[in-house]
Every structure is written in C-alpha cells, then in structure tokens.
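Visitor: Have a look at this prediction, sequence included:
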Amino acid sequence: MASLKVLVVDDSVTMRRILINILRMVGFDRVVEAEDGVDAWAKLQSEGDIGLILTDWNMPNMGGLEFVKKVRSDPRFREVPIIMVTVRGVKEDVIEAMKAGVNNYIVKPFTPQVLREKIEKVLSPV
Amino acid sequence: MTERDVQKLLQELDQVRSQVLMFEAHLPEMLEEAKARTKAHLLAFEESFPKLRHAVEFVGQVVPTINRMIRMWPEKAGSIPQATSNLHKVTEATETATTEIMDVVDGIMAHIGDLKARLQDVLEGIRKGGQKSCDRTLEEVVQDLDSVNDSLFQILSALQFQDITAQQIEATKAILAELNQELKALFKGFTRMEIGEEVEVRHGTFDRQANYDRKEAKVKQGMIDRVFEGSSTGEIVSQDDIDAIFD
C-alpha cells in the first residue's frame, strides 16, 4: 500500500495539505497534487503509475465529475480507483458520481478514519 | 306707471348706455390684453411641453421597472436571507472548528505535561537502576505519543472548515453578483448612475449547500455508504432502493 502513488485533486490548497498529511500518516508517501481536473488529467498521464485518485467535485476549469468521466472513458485508467471527496451530499449528486464511475464517496467534513476506511475499501474490494 | 317712474327708467337706461359705451371703448384694449395673456400661456406651455413629454416618457419607463421589481422581489427577497444565512454559517463553522482545535490542543498540552512527568520518572528510575519500571513507563509514553498522533489527526480534520467556509463565502458572492446584475438590468436605460462594478465569482468552485456540520455529514455519509455497499452486493438495483435510503 505504501508504494502506491496517490493523485490528490482539489482547488483548495488547505484541503490538499490536509489530505496529503492524512495520507502520509496512514502510510502513503507517494502523493501527486493537482489543483483542478485539467491539471489532474495532465498529471495522470505524465505520472503514469497513479494507483488511487482522491478528487474534489467543485473546481474551476474542469470539475471533479467531468474529470472522473474523462478518466473512465480512457481504457488506460478505467481501473484506477477513484474516491470523490466533496461537500455535496444530496442523493442526486451521489447517483451522478456513481454513474460517472467513482468507487467511493466521502462527504466533507470527514474524519481521517473515514478516509482510511474508504481507501482500504477501494483498494481491496470484496 | 307714473311720470316719475318713467324718468327713473330713463335714467337707468342712460346709465346702461354709458356703461355699454365704456365697454365698447375698452373692448379693443381688453381683447389685446386677453390675446397677450393667451399668447404668454401658450408660450409657457410650448416651453414646458418637452419637459412634460419627458416626464410622461419617464413614467412610462419607470412603471414597467417598478412592475418588474414587484414581480422580481418575492424571488430575490429570498436570496438576501440566504446570503445572511451563508455568512452566519461561516461564523458558526469558524467557531466550531476553532473550538474543536482548542479542545484538541488542550488535550495535547495535558498529554505533554503527563509525558514530561513520566519521562522524569524514567530518568530517575534509570539513575536508580530500576530497569523494569522504566520499561513499563516507556511503554506508557509510547501509548501517549500515539494518542498525541490521534489528536493531530483531529486537528487536520477540523482544518477542513477553511475549504467549507471558502465555498460558503463564494456562494454568498454569487448571490450578491446575481442581485447586482438584476439591479443593473433594472435601472439600465434611464439612469447614468454607476450601480457598482461586477462582483467576481469563481463559478463551479463552490456548492451552495456547503456546511461544516459533522452530525449532518455523518448522517449523509451513512446513507451514501449504504448506497455504495448495497450496489456492490446487488442489494440496491433501482432508483426506488436509493430513494428508500435517502428519503
């Protein structure tokens, strides 16, 4: 798990730092940051070995949902686990995210335990 | 009729005749005066006519605007309390997060005090050569350090308020920008007054429902987890199944 490279996508610098710190605390040292969907798409292609994506929904240029759809439409990244981390928690949003192809969904504000649980779940699906 | 009555009547007729003659003499003068007055009134009317026309046109513009305002108001009036509510949420979120962080910091400080005391005990134990009690105390110190680590996790978690309040403020800016645009559209055309610059909004970067409420987030997370777990096990297959969880 520790060798897995994680892509953290959020337009908030604070959120990226929070996520990266929690990831490091739970053992993920290889983290790549992106500030929106456009940046994330470029990093996903240039890094090559991203094993997990944590993405926000509301971002400028390209939002999280559009980014997820783009990732899922590319055969190279179809299997990369994606967790949506967002303040949006209404039914319609959740359904839309599921349809787009996210593997799990976290509502902000979340606890580090929730993040850890969801990561474990998407990396070792039953 | 007596002779006296006839004379009186003749006198009265003379008076009338003299008045008619006077009127006849003054008639051209009176007509000139009336003509002059009428001309003055007409000139004044001619001067004020464009102003009157402008006033009528202004009213013609104002009335639809007022009508639009009346139609718009019930809808837009709701956005002002929404903006106020957003700002109230920002205050609440900041206060809640600060309290959470302060509580954790208090806990960490207490732990550090305790750790210091234990480590001093270990130091004294080492000096006295009591290895076993030192081992036990060091184990406890390691446990305490784990607890401090958990506290740091809690602080990190509380810092999410920054992202959430930023979204709440952006949502408020969006409301103000909409009101600004409506007002500009409303008064455009019949005022040269500057109604203010555009309010810059980073569209797509916020959710109007963003809220730093852990209880609410926990409830939502629980429902979302049921949807994801249910869909992976095949328990949830339809919209009705999802509705049953959320509604």
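Guide: Sure, I can see it. Residues are numbered from 1 along each chain as shown, chains lettered A, B, ... in the order given.
Visitor: Would you mind naming what in chain A lies close to chain B?
Guide: A:10-12, A:14-15, A:18, A:21-22, A:25, A:57-60, A:63, A:86-91, A:94-95, A:98, A:104-112, A:114, A:125-126 (C-beta under 8 Å from any C-beta of the partner chain). To be clear about C-beta, it is placed using only N, CA and C from the backbone, and glycine gets the same treatment.
Visitor: List only those of those flagged as buried.
Guide: Buried members of the residues of chain A next to chain B, counted by 16 or more other C-beta atoms under 10 Å in any protein chain shown: A:10-12, A:15, A:18, A:21-22, A:25, A:57-59, A:63, A:86-89, A:91, A:94, A:98, A:104-112, A:114.
Visitor: Select from these every entry located in strands.
Guide: If you go by DSSP state E, these have A:86, A:104-107 in strands.
Visitor: Let me have these in CSV, extended by pLDDT.
Guide: Shown next, in CSV, are these (pLDDT from 0 to 100):
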residue, pLDDT
A:Thr86, 97
A:Asn104, 96
A:Tyr105, 97
A:Ile106, 97
A:Val107, 97
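Visitor: so where's chain B shaky on pLDDT?
Guide: B:130-133, B:189-196 (pLDDT under 70).
Visitor: In it, spot the helix with the most residues.
Guide: helix B:3-77 (DSSP state H).
Visitor: so who does the residue sitting nearest the centre point of chain B touch?
Guide: A centroid search over chain B (C-alpha atoms, centre = their mean) returns B:Ile80, at 3.3 Å, as the residue closest to the centre. For B:Ile80, the contact set (C-beta atoms under 8 Å, 6 or more residues apart in numbering or on different chains) comprises B:175, B:179.
Visitor: what about it, which helix or strand?
Guide: Assigned by DSSP states H and E, B:Ile80 belongs to helix B:79-128.
Visitor: What residues sit buried inside the next helix or strand after that helix?
Guide: Toward the C-terminus, helix B:79-128 is succeeded by helix B:131-158 as the next helix or strand (DSSP H and E). Residues B:134, B:137, B:141, B:151, B:153-158 are the ones in helix B:131-158 that count as buried (16+ other C-beta under 10 Å).
Visitor: any chance of these in CSV, with distance to chain A too?
Guide: Shown next, in CSV, are these (distance: C-beta to the nearest C-beta, whole Å):
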residue, distance to chain A
B:Cys134, 29
B:Thr137, 26
B:Val141, 20
B:Ser151, 11
B:Phe153, 4
B:Gln154, 8
B:Ile155, 10
B:Leu156, 5
B:Ser157, 5
B:Ala158, 8
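Visitor: Find the residue at the geometric middle of chain A.
Guide: A:Leu54 (1.4 Å).
Visitor: Taking chain B, what residue is nearest to chain A?
Guide: Going by C-beta to the nearest C-beta, chain A is nearest to B:Lys220 of chain B, at 3.7 Å.
Visitor: How many residues are close by that residue?
Guide: Neighbour count of B:Lys220, defined by other C-beta atoms under 10 Å in any protein chain shown: 22.
Visitor: Was I right to think it contacts A:Val87?
Guide: No. B:Lys220 is not in contact with A:Val87 according to C-beta atoms under 8 Å; the separation is 9.9 Å.
Visitor: Next, show the common contact partners of those two.
Guide: With C-beta under 8 Å, 6+ apart as the test, B:Lys220 and A:Val87 both reach A:Val107.
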